[in-house]
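Coordinates for the following, if possible.
(one chain, ligands or ions: 1)
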Amino acid sequence: MASSTSTKSPRTLGDTRRWASPGSRSAELFTRAQSVMPGGNTRTTVYMAPYPPYAASGEGCWVTDVDGDRRLDCLNNYTALIHGHAHPEIVEAATRRLAQGSSFPLPTPEEIELAAVLCERLPSAERVRFTNSGSEAVMMAVKGARAFTGRPRIAKFEGAYHGSYDYVEVSLGSTPETWGPLAAPASTEYSRGTPPAVLEDVVVLPFNHTEHAVARIEREARHLAAVVVDPVPNRVGLMPARREFLRALREVTDRHGIVLIFDEVISFRVGYHGAQGAFDVLPDMTTLGKIIGGGFPVGAVTGRADVMAVFDPRGGQPRAPHGGTFNANPVTMAAGLAAMRLLTPAAYARFDDLGAKVRSSLEACFKRAGVRGAVTGLGSLFRLHTTDRELIDYRSTRTTPEETERLQRIVRRLLEHGVLISVTGLGCLSTPMGESELEGFVETFAAVLEMERGASPE
Ligand SMILES: Cc1ncc(COP(=O)(O)O)c(C=O)c1O
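Prediction:
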């Protein structure tokens, strides 16, 4: 990634603006989409104004859109595709299983294999249940914790995203006008019409503020079934949790018989043993998703055997019944197994190395260009910020209107010049990426920052 220190004018990965012209295939598709979907959209996260490029195909770390432009995929379906697109071993495993039938009203051997891999890798996992998404996994973990403790409430962190279950959406979008005191953040609705009872049953905590969080848990302990925490929370800014903060959460939840849930839907990609292995703090339950399905819809709840026993159907109705027509569907299981087997300890070591280099190269680009910015992340994850404030929690990472505009401009210019990252600045690596692709990314980023300064023409 030497390009970030080169004195030559940086070059982008190419001009990829065909989708944006009025007569493009993407424009045509979006017009049609608007007549059958609200706003032409069926996944809020992938909307971009005025309309997105539509994907045609993907291969390795590259995605080609329907207008024929190819971009380096630094988003990988929001961190799910850890081996990029159409990895031959995953394609082979999924298609072989597909030809034998895609779902049954019976269990299949593949679910046991993938559950065994997860138990082997995640230090706190003794039992596993599969779902079809991370959202469902979080919902089932919360319901499981309620069933285990007999208590109604949960605690979660301000700004943290855990999917679309009502309870964990609370305070996802708090603003300075609504968020209240740091020591006791207000429970705010995210989706209009959230029942007041939901807000009452969610205690909101400030991320990485150990004393405030512990004090609030202590005060609410007798009502709390669970504390839900993502150790590397993207929407909180992708700053890793402080280890002593996670240790304090472990201690206080142990003391009060509260189930500690780690949401590792994204953070499982930071190490062979997940974030819990990297931080050496073990939760009672863990939710997973994304990478464990090899690119297919998936989620999982894992945990200690005695806690997970709430789902055990032997001997009558379980304390927490859990159905799902497509739970553990064998195509996902086969693809997930192939993906996990490709993720060796050496693959993680390579991610750690490349991820650290990418983050420091991007930071260097900000400095060299004289543009205010910072880069957070861990392992294969990174996130761009357009501020030079100290980033510690949700409140410090929440962008001002000017910072939001600048971030959107940077992301848009990356999209126009061969690089795909999220509209919020999230990005990640995949195993097919090598030094040369990442150099191309960093050089494009440097060129985009020059455009931002107005130093060079688009
Ligand atoms: C930390 C976290 N938890 C849960 C979810 C929900 O997962 P899904 O989109 O599969 O429902 C996400 C999705 O991005 C996530 O980042």
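
Now do the helices in the stretch 301-450 of the chain.
305-308, 330-342, 345-369, 394-397, 401-416, 435-453 (DSSP state H, counting those that start in this stretch).

Can you tell me which of these is most buried?
helix 330-342 (a mean of 23; mean count of other CB atoms under 10 Å). Placement of C-beta: from N, CA and C, glycine included.

What helix or strand is the nearest residue to H85 once chain neighbours are set aside located in?
Closest residue in space to H85, ignoring its immediate chain neighbours: G58 at 2.8 Å, by CB to CB, 6 or more residues apart in numbering. Secondary structure from DSSP states H and E places G58 in strand 55-59.

With A116 instead?
Here A116 is assigned to helix 109-121, by DSSP H and E.

what about the chain, any weak spots by pLDDT?
1-7, 455-458 (pLDDT under 70).

Tell me which residue is most central in it.
I266 (4.0 Å; CA atoms, centre = their mean).

tell me the contacts of that residue?
Listed by CB atoms under 8 Å, 6 or more residues apart in numbering, the contact set of I266 reads T79, D230, V232, N234, K290, L381.

related to what we said a few turns ago, hang on, isn't the residue nearest to H85 packed against A86?
Yes. Using CB atoms under 8 Å, G58 is in contact with A86, at 6.1 Å.

More neighbours: which of those two?
With neighbours defined as other CB atoms under 10 Å, G58 and A86 compare such that G58 has more, 19 against 14.

Any figure for the gap between the more buried one and E211?
46 Å (CB to CB, to the nearest Å).

Determine how far the last residue of stretch 49-69 lies from the first.
19 Å (CA to CA, to the nearest Å).

swap in stretch 193-210?
Start-to-end, stretch 193-210 (CA to CA) is 32 Å.

Tell me how many other residues surround the closest residue to S164 other than its chain neighbours.
Among residues not flanking S164 along the chain, S135 sits closest, at 4.8 Å (CB to CB, 6+ apart). As a burial measure, S135 scores 20 neighbours (other CB under 10 Å).

from the middle of its chain, how far away would the helix or strand that contains S135 be?
Secondary structure assignment for S135, by DSSP H and E: helix 134-149. Centroid separation between helix 134-149 and its chain, computed with CA atoms, centre = their mean, to the nearest Å, is 19 Å.

wait, does it contact the ligand?
Yes. With CB under 6 Å from any ligand atom as the measure, helix 134-149 is seen reaching the ligand through G134, S135, V138.

if we can go back for a sec, roughly how far does the residue nearest to the centre of the chain sit from the ligand?
According to CB to the nearest ligand atom, to the nearest Å, I266 and the ligand sit 5 Å apart.

coming back round to it: so what touches the helix holding A116?
Under CB under 8 Å, 6+ apart, the answer for helix 109-121 is 97, 125-128, 130, 272-274, 288, 292, 300, 302, 328, 330, 333-334, 336-337, 340-341.

how about it: buried residues?
Under the neighbour-count criterion of 16 or more other CB atoms under 10 Å, helix 109-121 has E110, E111, L114, A115, V117, L118, R121 buried.

when you compare where it runs with where helix 330-342 runs, what's the angle?
Here helix 109-121 runs at an angle of 30 degrees relative to helix 330-342 (axes from the mean of the first three to the mean of the last three CA atoms, to 10 degrees).

State the next helix or strand along the chain beyond helix 109-121.
strand 127-131.

quick one: which of the helices of the stretch 301-450 of the chain is nearest T194?
Among these, the nearest to T194 by CB to CB is helix 394-397 (18.6 Å).

gap between the closest one and the chain center?
For helix 394-397, the distance to the chain centre is 18 Å (CA atoms, centre = their mean).

How about residues contacting that helix?
Contacts for helix 394-397 (CB under 8 Å, 6+ apart): 157-160, 174, 176, 179, 182, 206-207, 235-237, 239, 385, 387, 389-391.

Can I get the buried part of the residues you listed as one ChimeraX selection?
Selection of buried members from these for ChimeraX, criterion 16+ other CB under 10 Å:
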select :157,158,159,160,174,179,206,207,235,236,237,239,385,387,391
